[in-house]
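Undergrad: Pasting a predicted model and its sequence here:
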Amino acid sequence: MRRKILLIGFALSIVLFGCTTQPSDEDIARAIEETQIVGSTSTPRATNTPVITEVKCSIEEEQHEEWETTFCDTFDDNSYEWELGLDPDFGTQTTISNGKLIIDYESTNQTGYTTGLSLVIPFWESKDYVVNILGEMDSVFNQCTWGVMVNGFFDTGVSFEINNQGEYFITDSNIPGEYYLGNGEYGTHNAIKWDAPNSITIVTEDDKLTFYINGTLITSYEYEYSNNNDISISLWAAEGVNVVYDFDHILIREE
């Protein structure tokens, strides 16, 4: 396991990430090309690694209670050294206030709604674990999601995200030529609360991912392990969308 806070993100096509229908081959090729160009020029920014010798945690999570708690942040302070402040490149303002990590994204329409924000914030590394995040989106727009990415970043990662309309999306970077929101699986579930806080839990074990919302099993997904153990907050919003992401806590237990 290794503690890390980075910030990685870039603009991606709204055609690919703003809908649940499969885009055309031309859209896919264009988006992949744009992603590779921007991704090759962006540089992750790492913060210092704090020394944490004992993890005390009040977060309740029923999955694998016997495993060791290695990460527990209730955002009472910035002891885990999240990168805070204004990031004009991505249009985000990140703060910690009143026991929450808050990411405020403000976007303007500059390209005719052809781009958007796809942002991952890695914070830990592990192979077999339980990760639980309690979060919420505040937006009048539908084209925005939040969730967790595991098994790497945009090139190898698998993300599980939800929107504010009761939908969930599994996006797998390892599926050739089909990198759009929900390319692994998508659907709706009544366990997802509309316009309210939701608790996302992911269990990674034996190269299988199991997803829970508010303690309810949603689905399982077999994935190709990439040897990249990064765990990240994953956000997406279309161009022209304003959204505030609030996170109440993050918990990780390791086998």
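TA: On my side now, so go ahead. Keep in mind it's a predicted model, so treat the numbers as computed, not measured.
Undergrad: any idea which helix or strand carries residue 186?
TA: strand 185-188 (DSSP states H and E).
Undergrad: what's the closest non-adjacent residue to the residue nearest in space to the middle of the chain?
TA: Nearest to the mean C-alpha position of the chain, counting by Cα atoms, centre = their mean, stands residue 234 at 1.6 Å. Distance criterion Cβ to Cβ, 6 or more residues apart in numbering; nearest residue to residue 234, sequence neighbours excluded, is residue 149 at 4.0 Å. Every residue, glycine included, has its C-beta placed from N, CA and C.
Undergrad: following the helix or strand containing that neighbour, which helix or strand shows up next?
TA: Residue 149 belongs to strand 144-150 when assigned by DSSP H and E. For strand 144-150, the following helix or strand on the C-terminal side (DSSP H and E) is strand 158-162.
Undergrad: Show me where this structure dips below the pLDDT cut-off.
TA: 1-54, 109-114 (pLDDT under 70).
Undergrad: Longest strand of it, counting residues only.
TA: Using DSSP state E, we find that the single longest strand of the chain is strand 242-254.
Undergrad: how about it: buried residues?
TA: Across strand 242-254, burial judged by 16 or more other Cβ atoms under 10 Å covers 242, 243, 245, 246, 247, 248, 249, 250, 251, 252, 253, 254.
Undergrad: hey, what's residue 210 bridged with?
TA: In this entry, residue 210 is beta-bridged to residue 203, residue 220, by DSSP bridges.
Undergrad: Contacts only, for it.
TA: 202, 203, 217, 219, 220, 221 (Cβ atoms under 8 Å, 6 or more residues apart in numbering).
Undergrad: hmm, back to that, buried stuff in the strand holding residue 186?
TA: For strand 185-188, using 16+ other Cβ under 10 Å, the buried residues are 185, 186.
Undergrad: same question, stretch 196-204
TA: In stretch 196-204, counting by 16+ other Cβ under 10 Å, buried: 198, 199, 200, 201, 202, 203, 204.
Undergrad: quick revisit: need the buried residues of strand 242-254 in TSV with distance to residue 226, can you?
TA: Shown next, in TSV, are those (distance: Cβ to Cβ, whole Å):
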residue	distance to residue 226
242	34
243	29
245	26
246	30
247	25
248	29
249	27
250	22
251	23
252	19
253	22
254	18
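Undergrad: quick one on the thing from earlier: how many other residues sit next to the residue nearest to residue 234?
TA: 25 (other Cβ atoms under 10 Å).
Undergrad: Same check on residue 140?
TA: The burial count for residue 140: 9, using other Cβ under 10 Å.
Undergrad: tell me the secondary structure for it?
TA: With DSSP: H, G, I helix; E, B strand; the rest coil as the basis, residue 140 sits in coil.
Undergrad: got the contact list for it?
TA: Counted by Cβ under 8 Å, 6+ apart, residue 140 has contacts residue 242.
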